[in-house]
Each structure stands twice: as structure tokens, then as C-alpha cells.
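Student: Sharing a model that was predicted from the sequence below.
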Amino acid sequence: DNYININATADSVFAQIREISKKISRSLFFPHIKVIIFSKDLLKQQNLLEQTLDVFLRDHEMRRNIRIFVSKGRAEKVLQQSSKPENLPAKYIDLLADHAEANAFMLEAVRIGEVQETITAKRSFVLPILQLTKQGVKMEGAAVFKGKDNKLIGLLTGKDTQGLNYIIGKKSSGFVTIRKEKKAFTYEIHKIRRKIHASFTELRHPKFTVDIYPEGVLAEAYLGGDGKPWSEKKMKTYISKEMESIAMRTIKKMQKDFKTDVLELGDYYKRHKYKEWKKIEKNWDRGENYFSKSEIVVRVHPVVEHSGSLVPKGGQ
């Protein structure tokens, strides 16, 4: 291998860096830092993320495009795994994060500068998760952080993250597989956008409608059962129901289990009703937690392009 992993224990990150310099023959070159990985158990401490990142943000040699990850187990184990076909584990993880645009189970990579802005604004946020498998390192799911103290409060599964990506309208593509009537088909999403409409008649009980507009193609179809294909209309209905179910599952988890808004609904409230927002801001996803009491409806409007001869137009 053309790299080595070095451990250091100290009272601060800066002290750790100085300790490492005693153990290697070459000087550390900070602009080359690609990723920072935190063990999830470590981040359950209040404000630890902010305090640890301080030196990386303060030092003039550090770049603000370093990507931040959370590991399910010990972070050092992630860097000890095989990085083939890449030369360095950090490079492998950095390139792995680029796949998020094609897989909605993965959260889009978050850079250190973005994390700082979110922490300063005391907004709740999510970071991508790395975990070990028999084959190596896998990126799937999201770690949820509370805005008031940037403390990790829970994890989202890949399926939950899929719903989150639909709701916030990220560029993530991905796919949805539908199984009905002994048949199955896979809808590959190429592009997705969302629109939010809201009613603020009751300031402490807003009503949000999230309209999701996916565009994609029929990637694969299995015509079991009677062997007859579904109509495009029926297929769109199945896609809508499946995606709405996935999104609502994520919303339920955020409102009932975590009581934390990472769906960007508070941002929408702030932009459209700023004066009213200032009155309830401190009780949005803490205190009285009006977020958890909000009414949220999701509607999906799929577009199926180039469905091919397997799917007849119109019909039932």
C-alpha cells in the first residue's frame, strides 16, 4: 500500500495533528484532505460536531469542500477497508459519494462549509452514512442532527432517505420497483422536482402540500400472471401510490419519532411568512414543536417517457 493510517489521542484536534507529526517522516498537507468521518456514537454528544470542525474551518490551509460522513461503527475501520480499485481509502469514499445522484438511497454529499452554515443558523440537518459490509464500504442512509445543539438523534434507513430525497427535490435519480398482480416493473427516475404550497391560517398548525414531479422511463418489466401489460395510466397510478407511500413514511418518522424538520418546510415558512415565522421559530422543531403538529400531504405526478410497446397508451 502507498498509504498508512495513524492514530493519535489528545485533548483537541490541533493537538492530535501535532502528535501525528511526531510519528511520520513527511509533513501533513491539509489541502489534500478529502473526507472527515465521525463515528455515530461520538456525535451523540451535544455540540461535539461543531467543536471538532472548528480547527478545520479556522485554519487557512484547510479547504471548505471537504466532505463529512458518519460511520455506523468505528470510523477508523472504514479507512482500514480495501479501497480497490482506487489507491487511497479517502479517494474511494470521495468517489463513492458521487454516485448519490443516481441512487436515492444515498444522501448527497455534504461539504464542511455547508455544515458550518447550517450549524450557525441552528437548522436541523442530515449527513450521509458509511457502513461496513462483507464486500467493503457501503454508503446508504442518513444521520439526523438537531439544530439547537448539532447532536445526532437518530438514523434514517436507505428507504427513509429515498423518501427524504423525494420531498426535498434533490437531483437524486434512482428507481422505484412496483409489484402487483404477479407482475413487476421498474421505473427509473432521471429527474425530479418538487413544489410546496402551504396554508398559514393557523400559524401554529400550518398545512403543507408537497407536489413531486418525477420524470423517467420504464427500465424493466416482468409480465407474469396473465402476461398482459398494464396501461400507461395504470402504471402511473401505481408509481404515484408507491412514491407517496415512501415519502409519507419518512414524514411520519420525522414528525413522530425524531420530531425534527430536515424536510426544509421551516425554510419555506421563513421565506413566505417571515414575520409570523419569527414568532414561532424557537418552537418549530423544539419546545412546543409545531413541526410535529403540522399537516403534510404528498402528491406525486409521474411522467413516463419512452414507455415502449410493452405499455399501451390510455386504457384502464
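Tutor: Sure, I can see it.
Student: switch to C-alpha atoms for all contacts and neighbour counts from now on
Tutor: OK.
Student: low pLDDT regions in the stretch 1-150 of the chain?
Tutor: Scanning the stretch 1-150 of the chain with the threshold set as pLDDT under 70 gives 1.
Student: What segments of it are strands?
Tutor: 35-39, 67-71, 110-111, 125-132, 137-146 (DSSP state E, counting those that start in this stretch).
Student: Let me have these in CSV, adding mean neighbour count and distance to P302 as columns.
Tutor: Converted to CSV, the strands of the stretch 1-150 of the chain look like this (neighbours: other C-alpha atoms under 10 Å; distance: least, C-alpha to C-alpha, whole Å):
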stretch, mean neighbour count, distance to P302
strand 35-39, 18, 36
strand 67-71, 24, 32
strand 110-111, 18, 28
strand 125-132, 22, 27
strand 137-146, 24, 24
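Student: Just send the ones you listed back as CSV, with distance to Q51 too.
Tutor: Listed next are the strands of the stretch 1-150 of the chain as CSV, based on distance: least, C-alpha to C-alpha, whole Å:
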stretch, distance to Q51
strand 35-39, 13
strand 67-71, 14
strand 110-111, 16
strand 125-132, 17
strand 137-146, 15
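Student: what's the closest of the ones you listed to H99?
Tutor: Closest approach to H99 among the strands of the stretch 1-150 of the chain is made by strand 137-146 (9.3 Å; C-alpha to C-alpha).
Student: hey, C-alpha coordinates of the closest one in PDB?
Tutor: The C-alpha trace of strand 137-146 is given here as PDB (Å, rounded to 0.1, in the frame of the first residue of the first chain):
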ATOM      1  CA  VAL A 137     -17.600   0.100   2.400                       C
ATOM      2  CA  LYS A 138     -21.200   1.000   1.600                       C
ATOM      3  CA  MET A 139     -22.900   4.400   1.500                       C
ATOM      4  CA  GLU A 140     -26.600   4.300   2.400                       C
ATOM      5  CA  GLY A 141     -29.000   6.200   4.700                       C
ATOM      6  CA  ALA A 142     -28.700   9.500   6.700                       C
ATOM      7  CA  ALA A 143     -27.800  10.600  10.200                       C
ATOM      8  CA  VAL A 144     -30.200  13.200  11.600                       C
ATOM      9  CA  PHE A 145     -28.900  16.100  13.700                       C
ATOM     10  CA  LYS A 146     -30.900  18.500  15.900                       C
END
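Student: Now tell me what touches that strand from outside.
Tutor: Strand 137-146 has contacts (C-alpha atoms under 8 Å, 6 or more residues apart in numbering) with 70, 78, 81, 96-97, 105-107, 123-132, 151-161, 260, 262.
Student: Mean confidence (pLDDT) on the helix or strand where K233 lies, please.
Tutor: For K233, the host element (DSSP states H and E) is helix 232-252. Across helix 232-252, the average pLDDT comes to 96.
Student: buried set for it?
Tutor: Buried residues in helix 232-252, counting neighbours by 16 or more other C-alpha atoms under 10 Å, are found at 232, 234-236, 238-240, 242-248, 250-251.
Student: Can you say which of the strands of the stretch 1-150 of the chain is nearest to E181?
Tutor: strand 137-146 (30.2 Å).
Student: Between strand 67-71 and that closest one, find me the angle.
Tutor: 100 degrees (axes from the mean of the first three to the mean of the last three C-alpha atoms, to 10 degrees).
Student: Following element in sequence after strand 137-146, please.
Tutor: Using DSSP H and E, the first helix or strand after strand 137-146 is strand 151-156.
Student: still on that earlier bit, A15: which of the buried residues of helix 232-252 is nearest?
Tutor: A15 has its nearest neighbour among the buried residues of helix 232-252 in T250, at 40.7 Å by C-alpha to C-alpha.
Student: Distance check, the closest one against V298.
Tutor: 11 Å (C-alpha to C-alpha, to the nearest Å).
Student: How about D41?
Tutor: 33 Å.
Student: same thing with R194?
Tutor: Taken as C-alpha to C-alpha, the span from R194 to V298 is 10 Å.
Student: what is in contact with those two at once?
Tutor: Both R194 and V298 are contacted by 210-212, under the criterion C-alpha under 8 Å, 6+ apart.
Student: what's near enough to touch A90?
Tutor: Listed by C-alpha under 8 Å, 6+ apart, the contact partners of A90 are 34-35, 79.
Student: change it to 7 Å
Tutor: The contact partners of A90, taken as C-alpha atoms under 7 Å, 6 or more residues apart in numbering, are 34-35.
Student: go on, P85?
Tutor: Applying C-alpha under 7 Å, 6+ apart, no residues contact P85.
Student: any idea how far A102 is from it?
Tutor: As judged by C-alpha to C-alpha, P85 and A102 stand 20 Å apart.
Student: Also E220?
Tutor: 17 Å.
Student: Show me which of these two is the more surrounded one.
Tutor: A102 (17 against 13; other C-alpha atoms under 10 Å).
Student: Hmm, that one is touching G174, no?
Tutor: Yes - taking contacts as C-alpha atoms under 7 Å, A102 lies within contact range of G174: 5.1 Å.
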